[in-house]
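Peer 1: what's the 3D shape of this:
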Amino acid sequence: MADLPTELWLRIAHFVPDIDLFRLASVNHLFLDLVTDRRYRQLVIDDDRPLALVAKFSRLEKDPSVALRVRSLTIHPKAVRSACLRSGKGKKGSLQIVKNPNWPEPFRHRSILYPIEEDIQLADQFLNALGCLHQITEFAVEWTRGLEAERPFCLPLLEAIWPLYSGNLRTIRLDMMLSHLSDMVSSLTGLDHVQELALNFTCNDSRYGPWGGPGYEARHAFEQVAAFINRLALTLNSLTISSIGHLNFSWLYSSLTYFPHLTLLALLVPCDPRHIVDPIGFYRFLRAHHAIEHLNFSPQFCCHKSSTPPEPSSGLSSTEAWLNRCFGDITFQNLKHLELGLNILGSGGKRVMIPVPRVGRAARNVRSLSILGCLISLDDLRLILDPFSHASGGSTPGTLVLEVHVLDVNLLDLLADLLPGLQRLDLTYRWINSFACTNETPFIQQLQDRQYPDWKLWELVLRCSRQNDDARWPCQQAIARCIPKLH
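Peer 2: Take a look at the predicted model:
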C-alpha cells in the first residue's frame, strides 16, 4: 500500500467522509495539505451573526494560504444584511460613508447624503476580505424570497462583489427573485470565461401584476435576463433555467440568441400553452440548439392554467396545435443523455406533462435516458417510453434509469415489450409486487413462468429506496434467470 502513487492516494482520500478528515490530516504532510484544500475550497457566507462573519473574513485576511485555496464562493445577501443590522454599530440618523472602492456610485452617493441603517463599516470589512480571494472560479448567490426592504442594501452589495471575480469565473449559479435578478445582471460585463450558468428565479413580486399590466415589467425583466445570458454566448457550454413563476416565458425564449458551444441544456420551467403563449421563440431556440448532447427537460406544473388549452387570442386552436408549433420538425440528432422530469409540484396536473412525449419523439440515438421522479402508474411509463419503441419508429436508448413505486412482473413485461434493445437498466423501487408489500416471494414465484428471450439486457442495477431491504438480491437473481444475457 505504501508504494501506491500519489495520484491514487489523492483519489482514495476524495471518498473519506468529512468527519474523518482531521484524522486523515494527521497522517503526513500530503494528507494535511489535501484536507486543508478540501476544507477551504468552498466558502459559504450564510451566517447572520456578526462575530461569525468577522471570524470568517479575519481568517482570510490573516492567512493568505487559506485565501488561495478558496475556489467556490456562495453569498447569502440576506444573511450579510442581517449581520450588518445585528452588529449594533449602525446608528440611526448618523451618516456612514462607504470606503471600499467597489461600491457602486449611486450607493456611495447615498451614504454621503442619507443615513443607512446597516453597519457600513462591517460591510466594508467584508468586501475587503473578499478582495483577498484571487482564485474564485465559481460564484453563487442564494437570495430566495427576497424582500423589497432588502433591495437597497443587498443589490449594491452584490454589485460591489462582481468586479472582484468577473474575469476568472467559470461557473455562475443564481437563485433569486426575477426582479432582483434582472436588476443585478443588467449591467454585468467582463464575464469572458463563463462556461456554466444556472438560473433559478421565482416571481411573487407585486410590481409585475398581470401579464398584460401597465409597463409589461415582467417582459422587461426577461429581456434583461436574456441580454445577460446572451453576453455569455461565446463561452457558454451549460445552461440551466429553473422557475415555477406564473409568467409568460415566451418573452425569455424570444430574446435568447444562439450559443455555439452549448452542449448541456436544462429547462425546468412551466411549458404549456398558458406559460409559453407564443411558442415561436421557444421553437427557434430549441431548433438552433438541436446539436446539444445533454438535455434535461422537466416542465413544471405552475397552476391550474398549466392544464388548460391555449387562449383564443393566441391564434392556436388546440393544445396539439400548440405542441406542433413548439416542436415542429425538431430532431436532436447528437443527444447522448436525455432526462425527462415528472410533475412533482402540482396535484392538479397530470404526472407526465403534455410536452414530455414530444421531446422523446424528437430525440434520436439517445445513449442514456433518465426519468426524474417516482413513477406510480404504468400508463405514465408507457406514455414516456412509447416514442422510443420500434412500433413508434423510435430508437431504444442503451441505458434507462428510473424509479418506480412498485416492482412487479407487469413492469418487466412493459420494459421488455417497448425496449427490447435496452442494454443497461438502473431501477429503483420502494415496494415489491404490490403497495406496502416487502415480501419478495410472490414476485419471485410469478417470474418462474416468464422468459424474455429477445431482451438484450446485459446489466441490471437494482436498488430499494427503503432502508434495510433484504429482498433486493433475491429479486435481482430471479430477474436474471428470465433474461438470457443476465445469466
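Peer 1: what about the nearest residue to Val409 once chain neighbours are set aside, which SS state?
Peer 2: Excluding its sequence neighbours, the residue lying closest to Val409 (C-beta to C-beta, 6 or more residues apart in numbering) is Gln446, at 4.8 Å. Backbone N, C-alpha and C define where each C-beta goes, glycine included. Three-state assignment for Gln446 (DSSP: H, G, I helix; E, B strand; the rest coil): helix.
Peer 1: same question, Arg463
Peer 2: Going by three-state DSSP: Arg463 is strand.
Peer 1: pretty sure it contacts Leu427?
Peer 2: Yes: taking C-beta atoms under 8 Å as the definition, Arg463 is a contact partner of Leu427 at 7.1 Å.
Peer 1: show me what stretch 462-474 is in contact with.
Peer 2: With contact meaning C-beta atoms under 8 Å, 6 or more residues apart in numbering, stretch 462-474 is reached by 403, 426-430, 432, 438-440, 444, 475-476, 479.
Peer 1: in that stretch, what counts as buried?
Peer 2: Within stretch 462-474, the residues that count as buried by 16 or more other C-beta atoms under 10 Å are Leu462, Cys464, Asp469, Ala471, Arg472.
Peer 1: excluding its backbone neighbours, what's nearest the first one?
Peer 2: Taking C-beta to C-beta, 6+ apart as the measure, Leu462 lies nearest to Gln476, with 4.6 Å between them; neighbours along the chain are not counted.
Peer 1: what's the distance between that neighbour and Leu460?
Peer 2: 6 Å (C-beta to C-beta, to the nearest Å).
Peer 1: surely Ala402 is in a strand?
Peer 2: No, residue 402 isn't Ala; it's Leu. Yes: assessed by three-state DSSP, Leu402 belongs to a strand.
Peer 1: go ahead and confirm it touches Ser368.
Peer 2: No: distance between Leu402 and Ser368: 11.5 Å, which falls outside the contact criterion (C-beta under 8 Å).
Peer 1: quick one: which of these two has more around it?
Peer 2: Leu402 (22 against 17; other C-beta atoms under 10 Å).
Peer 1: what does the pLDDT read for the more buried one?
Peer 2: Note on Leu402: pLDDT of 96.
Peer 1: now swap in Leu295 and tell me
Peer 2: As summarised for this prediction, Leu295 has a pLDDT of 97.
Peer 1: shouldn't it be in contact with Val359?
Peer 2: Yes: with contacts counted by C-beta under 8 Å, Leu295 reaches Val359, the gap being 7.5 Å.
Peer 1: identify the contacts common to these two.
Peer 2: Here Leu295 and Val359 share the contacting residues Leu338, scored by C-beta under 8 Å, 6+ apart.
Peer 1: in the stretch 51-200 of the chain, where is pLDDT below threshold?
Peer 2: Residues of the stretch 51-200 of the chain that meet the criterion pLDDT under 70 lie in 89-93.
Peer 1: that one: helices as residue ranges?
Peer 2: 64-67, 77-86, 105-113, 120-130, 151-165, 178-185 (DSSP state H, counting those that start in this stretch).
Peer 1: deepest in the core, which of those is it.
Peer 2: helix 178-185 (a mean of 23; mean count of other C-beta atoms under 10 Å).
Peer 1: name the residues that touch that one?
Peer 2: Residues contacting helix 178-185 (C-beta under 8 Å, 6+ apart): 141, 143, 146, 151, 154-155, 158-159, 174, 176, 199, 201-203, 205, 207-208, 217-218, 220-222, 224-225, 228, 243, 245, 247.
Peer 1: likewise stretch 292-303?
Peer 2: Residues contacting stretch 292-303 (C-beta under 8 Å, 6+ apart): 240, 243-246, 262-272, 275, 307, 332, 334-343, 345-346, 348-349, 353, 355-356, 359, 363, 372.
Peer 1: swap the cut-off to 7 Å and go again
Peer 2: For stretch 292-303, contacts defined as C-beta atoms under 7 Å, 6 or more residues apart in numbering pick out 244, 246, 262-271, 275, 332, 334-341, 343, 345-346, 349, 353, 355-356, 359, 372.
Peer 1: for stretch 133-141, same thing?
Peer 2: Contacts for stretch 133-141 (C-beta under 7 Å, 6+ apart): 60, 67-68, 70-75, 77, 158, 165, 168-176.
Peer 1: are any of these buried, and if so which?
Peer 2: Buried among those by 16+ other C-beta under 10 Å: 60, 67, 70-75, 77, 158, 165, 168-169, 171-176.
Peer 1: quick one on the thing from earlier: turn the helices of the stretch 51-200 of the chain into JSON lines, including distance to Ile45.
Peer 2: Listed next are these as JSON lines, based on distance: least, C-beta to C-beta, whole Å:
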{"stretch": "helix 64-67", "distance to Ile45": "14"}
{"stretch": "helix 77-86", "distance to Ile45": "6"}
{"stretch": "helix 105-113", "distance to Ile45": "19"}
{"stretch": "helix 120-130", "distance to Ile45": "8"}
{"stretch": "helix 151-165", "distance to Ile45": "10"}
{"stretch": "helix 178-185", "distance to Ile45": "17"}
